[in-house]
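In: Quick one: sequence and predicted model below, then my questions.
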Amino acid sequence: MITIRPAAERGHFNHGWLDTYHSFSFADYWDPKHMGYRSLRVINEDKVAPHQGFGTHPHRDMEIITYVLEGALAHKDSMGTGSVIRPGEVQRMSAGTGVLHSEFNNSPSEQVHLLQIWILPERRGLPPSYEQKNFSTEEKLNRFRLIASPSGDQGSVTIHQDAKLSAAIIEEGKTVPYELGMGRSAWVQVARGEISLNGKGLTAGDGAAVENEAVVTIKGLADSSEVLLFDLV
């Protein structure tokens, strides 16, 4: 069974410096029918204007993944980490017992387009930690590349939850399968482009819950469509 979450039905706020869409309830957007999916709590699609960003703010007890589609996002946190996240790079921050961080677009002319993802941790009170890795376009081209997993398999970043996140860039006409294990479900998020998901059409910003399907089959309907797939218990 596939249940589509259309992009146009997401929560949307344009603050001038930030144009943001929420797939699930977040901040001032409240929708009791969309509070997350399994351990997946947040998918925010953010566009941050030049010379703007998120000031220092706290988080705790959450696995936070940042996936940049365009531009460069500067990160600083109370663990002493300072980095820049660019397309192809995946950042994982475990907020655990508490962390302060900021994210900023230092470009004078280009916006940053990113997905920020929150996953509930397997338990509360973990020590805060940080990880960032690069995954090339070639690794994701017409196949799923594991980018986050509980044990850091295949060089993925490590998250503290029984969840796996894979990414694919699919050319028009190409088909990419993904086998789900027994008792597992998936959330598919289209980052850009257009795809067919087990015969159902989705475009950029759309998401879909997948249950009781042994195989997820994604076909590219536009050139270089980018997809994230969350494999969840």
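Out: Sure, I can see it.

In: What number of residues are in the vicinity of M35?
Out: 11 (other CB atoms under 10 Å). In short, each C-beta sits where N, CA and C put it, glycine included.

In: which residues touch the nearest residue to it once chain neighbours are set aside?
Out: Closest residue to M35 apart from its sequence neighbours, by CB to CB, 6 or more residues apart in numbering: S25 at 5.2 Å. The neighbours of S25, taking CB atoms under 8 Å, 6 or more residues apart in numbering as the test, are 11, 31-32, 34-36.

In: Would you mind putting those residues into TSV with distance to A186 and secondary structure alongside?
Out: Shown next, in TSV, are these (distance: CB to CB, whole Å; DSSP: H, G, I helix; E, B strand; the rest coil):
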residue	distance to A186	secondary structure
G11	22	strand
D31	21	coil
P32	23	coil
H34	17	coil
M35	18	coil
G36	14	coil
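
In: May I see these arranged in JSON lines, with distance to V112 as well?
Out: Shown next, in JSON lines, are the contacts of S25 (distance: CB to CB, whole Å):
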{"residue": "G11", "distance to V112": "20"}
{"residue": "D31", "distance to V112": "26"}
{"residue": "P32", "distance to V112": "31"}
{"residue": "H34", "distance to V112": "25"}
{"residue": "M35", "distance to V112": "27"}
{"residue": "G36", "distance to V112": "24"}
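
In: Per-residue pLDDT of the residue nearest to M35, please?
Out: Here the pLDDT value assigned to S25 is 98.

In: Give me the nearest residue to D61, chain neighbours excluded.
Out: R124 (4.7 Å).

In: likewise G183?
Out: G183's closest residue in space is V233 (CB to CB, 6+ apart), at 7.0 Å.

In: Now for the one you found, how many residues are close by?
Out: For V233, using other CB under 10 Å, the count is 12.

In: Show me how to select, in ChimeraX, the buried members of the contacts of S25.
Out: Buried subset of the contacts of S25, written as a ChimeraX selection, criterion 16 or more other CB atoms under 10 Å:
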select :11,34,36
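
In: Could you pull out the helices in the chain for me?
Out: 137-140 (DSSP state H).
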